[in-house]
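**Student:** sequence and predicted structure, then a few things I'm wondering about:
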Amino acid sequence: MSPNTTQSLILAARIILSLSMVAFGATLLVVGKLTVAKHSVKGTAARVIGGVLIVGSALFFLYQPRGFFHQYTLLIQVLVLMATLIALWIIAEKPAAHKPLPAATHIQQSGPDEPSYRLHLRLQKDGSGLLVVNASTILHLNPSAAEYAMHMMKGTAPEEAAKAIAQRYNVNKDTALKDYSEFRDRIQTLIHTPDLDPVTFLGFDRITPHSKELTAPLRLDCALTYRLPAGTQAEYAPTKRVDRELTTDEWNTIMDKAWSAGIPHLTFTGGEPTLRDDLPALIAHAEKNGQVCGLLTDGLKLANPEYLQTLLQTGLDHILFILSQKSPKHGKWKRP
């Protein structure tokens, strides 16, 4: 290849490279933002680098150096462009360098000297979380908020929690500490204030019910028996579809599997569940797992104070009463 041909090719490469640098720099200067995958540079830094690229490429193309610099002008331009890209990479906002927290279920229960409450946190595979407050309020949390909730429930010191958050999500530690403190205060307010709307009063984003995919149900209803109190019309229980009642061990296995799947809430129903002699033992097993436990009953057997105290002491959290009416025609109690 002749020297003239080589020089022509080098000049063409310089022109193409200079125009490319000008176009790249102009984009940064005008738009003020560059995003590649999940990495982004924006604002003043992007515009300054864009201006430097435009000025530098113009000088390289217009200035005709001699000697060493003339011979390696193209190489110097390439090195300048590479240095610019490296600078962009260094100052770019990067996604979290760490993997999300492992999927798990965490529980926190009130101490003996506190008002009664219970929190369940279900961490998803993608790092997001589902926080259930007193089995009644459900909060869908993004990965950072889910980690805030986990540290709060584990009793992690605020400084230590902020350090972990800052490292995982590449944010300023002071910002992480401020956000963690605000999140913890809002959750505490939600726990200790009855009937508080988390959207109106605490600024949590509202999620349309059933719009988020759940990895497991939020509650499991357990029909312990289809037996009914004496005098109740038999058609109110589907006894023909049930060959036998499950044993205590079988229900314990079901509760354990439900807990392993992340189901925080159980409700014992029937028939009339208080007709099961092992009801206190089943409630105690749910309490041992850490599950919120409710009872759907006609309440007749709860008129016995000793029996009621037994259920409450074994871990019963709430009671739903079935209101019955007396039929004037038959003089018997029936379910509506």
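**Tutor:** All right, it came through fine.

**Student:** can you give me the helices for this structure?
**Tutor:** 3-31, 44-62, 67-71, 73-91, 143-154, 158-169, 173-192, 248-260, 279-289, 305-314 (DSSP state H).

**Student:** can these go into a markdown table with extra columns for mean neighbour count?
**Tutor:** In short, each C-beta sits where N, CA and C put it, glycine included. Shown next, in a markdown table, are the helices of the chain (neighbours: other Cβ atoms under 10 Å):
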| stretch | mean neighbour count |
| --- | --- |
| helix 3-31 | 14 |
| helix 44-62 | 17 |
| helix 67-71 | 10 |
| helix 73-91 | 14 |
| helix 143-154 | 20 |
| helix 158-169 | 17 |
| helix 173-192 | 16 |
| helix 248-260 | 15 |
| helix 279-289 | 20 |
| helix 305-314 | 13 |
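
**Student:** show the contacting residues for Ala135.
**Tutor:** Contacts for Ala135 were tallied using Cβ atoms under 8 Å, 6 or more residues apart in numbering; they are 118, 120, 219, 264-265, 292, 294, 317-318.

**Student:** among the residues you listed, which one sits closest to Leu74?
**Tutor:** His120 (63.7 Å; Cβ to Cβ).

**Student:** give me the neighbour count for that closest one.
**Tutor:** His120 has 25 neighbours, counted by other Cβ atoms under 10 Å.

**Student:** quick one on the thing from earlier: filter the contacts of Ala135 down to just the buried residues.
**Tutor:** 118, 120, 264-265, 292, 294, 317 (16 or more other Cβ atoms under 10 Å).

**Student:** how about the contacts of Ala135 in TSV, adding pLDDT and distance to Leu29?
**Tutor:** Shown next, in TSV, are those (pLDDT from 0 to 100; distance: Cβ to Cβ, whole Å):
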residue	pLDDT	distance to Leu29
Arg118	89	56
His120	92	51
Arg219	90	56
Pro264	89	53
His265	91	56
Val292	89	58
Gly294	93	63
Asp317	88	62
His318	89	62
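
**Student:** and of those residues, the nearest to Ala45?
**Tutor:** Nearest member of the contacts of Ala135 to Ala45, counting by Cβ to Cβ, is His120, at 43.2 Å.

**Student:** now that closest one: closest residue in space, sequence neighbours ignored.
**Tutor:** Nearest-residue entry for His120: Pro264, 3.6 Å, with adjacent residues in sequence omitted and distances by Cβ to Cβ, 6 or more residues apart in numbering.

**Student:** and that neighbour, backbone torsions?
**Tutor:** Phi and psi for Pro264, reported as degrees, to the nearest 10, are phi -90, psi -10.

**Student:** looks like it contacts Gln108 (just checking).
**Tutor:** No: shown here, Pro264 and Gln108 do not form a contact pair, counting by Cβ atoms under 8 Å, at 11.5 Å.

**Student:** how about the residue nearest the centre of the chain, nearest residue that isn't a chain neighbour?
**Tutor:** For the chain, the residue sitting closest to the mean C-alpha position, by Cα atoms, centre = their mean, is Gly129 at 2.1 Å. Closest residue to Gly129 apart from its sequence neighbours, by Cβ to Cβ, 6+ apart: Ala146 at 2.9 Å.

**Student:** what does Ser181 give?
**Tutor:** In space, and not counting its chain neighbours, Ser181 is closest to Pro158: 6.3 Å by Cβ to Cβ, 6+ apart.

**Student:** next, work out how far apart the one you found and His151 are.
**Tutor:** 8 Å (Cβ to Cβ, to the nearest Å).

**Student:** returning to what we had before: tabulate the buried ones among the contacts of Ala135 (JSON lines), appending distance to Ala230.
**Tutor:** Shown next, in JSON lines, are the buried ones among the contacts of Ala135 (distance: Cβ to Cβ, whole Å):
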{"residue": "Arg118", "distance to Ala230": "36"}
{"residue": "His120", "distance to Ala230": "38"}
{"residue": "Pro264", "distance to Ala230": "35"}
{"residue": "His265", "distance to Ala230": "31"}
{"residue": "Val292", "distance to Ala230": "31"}
{"residue": "Gly294", "distance to Ala230": "25"}
{"residue": "Asp317", "distance to Ala230": "29"}
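
**Student:** okay, Lys154: pLDDT?
**Tutor:** Lys154 is assigned a pLDDT of 93 by the prediction.

**Student:** again, but for Gly331
**Tutor:** 42.

**Student:** what do you get for Gln188?
**Tutor:** On pLDDT, Gln188 comes in at 89.

**Student:** before we move on, what about Val36?
**Tutor:** Predicted confidence (pLDDT) for Val36: 76.

**Student:** residues near it, how many?
**Tutor:** 10.

**Student:** Arg122 versus that one, what's the distance?
**Tutor:** 34 Å.

**Student:** and if you look at His318?
**Tutor:** 20 Å.

**Student:** next: Ala166.
**Tutor:** To Arg122, Ala166 is 24 Å away according to Cβ to Cβ.

**Student:** repeat for Leu320
**Tutor:** From Leu320 to Arg122 the distance is 23 Å (Cβ to Cβ).

**Student:** what about the two, which has more around it?
**Tutor:** Set Leu320 next to Arg122 and count neighbours by other Cβ under 10 Å: Arg122 wins out with 23 against 11.

**Student:** so what's the more buried one up against?
**Tutor:** Arg122 makes contact with 105, 129-132, 215-216, 262, 264, according to Cβ under 8 Å, 6+ apart.
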